[in-house]
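*Asks:* just need the structure, nothing else, for what follows:
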Amino acid sequence: DDTGTLKELIASWVNNDCHPTPLIRTTNKHCRGFVSDACGKLLCPAEWQWDDPVAGIHDRTAAFIVSENSWPLFMYQDYDADIKNLERGLMKSKLLIMAFKAIFTSPSSANENHRCAQRQSDQTKVKTCVASIIGMQKVTPRAITYTACQIRFALSNITSWHTINGDFDYQIYWSNIVDFFENAPGPAAQGRVNELLEWWTRWVMTSSAGLLLTR
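*Replies:* So this is what the prediction gives:
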């Protein structure tokens, strides 16, 4: 159950990276979402500043609608977006990579350093990891999309899955991410997408001891 696994793992990773007070409970979601400073910042739309006292998003004012049409900060490298170039660093976050590995290789592989992968021990998991079972030879757009949806739900304070959560529609969110990869607006954008997917495959294959190439 990816949802149950990531419910605990995401809480642990956010606690380790963000050091919230109090710590996020791994077994309880009621104190996640925008009531949590750590989770709220990761869910914050890229075009807003969570820590800006003037903006108001931190105080969850009614002026801000968090919808599926904005990229949340957890999707960005270092959880920081360039407001002048919202594509920079997008889809390269540590949280995305770790969750992807937890789902498609193994939960233990998510914590491995990509330069210090335990190749020998991981080879014994090849036949049981999801990537091997489904014959995944490279990272695909829809695998990243699935991972992003799972993270978004894990960071929220919603306890049961619903396609629509307030102003946020997961089905449209899914479509937006797929469109980013599969319907790039022109050759230049498609080239950047191809480079991003190649980056993902290199990173995951190296940090997961080449599990995706074992078939």
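*Asks:* please count neighbours and contacts with C-alpha atoms only from this point.
*Replies:* Noted.
*Asks:* contacts only, for the closest residue to residue 72 other than its chain neighbours.
*Replies:* Ranked by Cα to Cα, 6 or more residues apart in numbering and with sequence neighbours excluded, the top spatial neighbour of residue 72 is residue 45, at 4.4 Å. Going by Cα atoms under 8 Å, 6 or more residues apart in numbering, residue 45 touches 66, 70-73.
*Asks:* go ahead and confirm residue 145 touches residue 179.
*Replies:* No - judged on Cα atoms under 8 Å, residue 145 makes no contact with residue 179 at a distance of 10.1 Å.
*Asks:* circling back: only whichever of the contacts of residue 45 are buried, select them in ChimeraX.
*Replies:* Applying 16 or more other Cα atoms under 10 Å to the contacts of residue 45 leaves a buried subset, and the ChimeraX line that selects it is:
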select :66,70,71,72,73
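*Asks:* give me the lowest-pLDDT entry from the contacts of residue 45.
*Replies:* Across the contacts of residue 45, the bottom pLDDT score, 84, is held by residue 66.
*Asks:* tell me the SS of the residue lying closest to residue 41 once chain neighbours are set aside?
*Replies:* In space, and not counting its chain neighbours, residue 41 is closest to residue 50: 5.6 Å by Cα to Cα, 6+ apart. Recorded secondary structure, residue 50: coil (DSSP: H, G, I helix; E, B strand; the rest coil).
*Asks:* so how far is residue 140 from residue 50?
*Replies:* Distance, residue 50 to residue 140, using Cα to Cα, to the nearest Å: 31 Å.
*Asks:* tell me the first helix or strand C-terminal of the helix or strand harbouring residue 10.
*Replies:* Assessed by DSSP states H and E, residue 10 sits inside helix 2-18. Reading on from helix 2-18 to the C-terminus, the next helix or strand found by DSSP H and E is helix 37-43.
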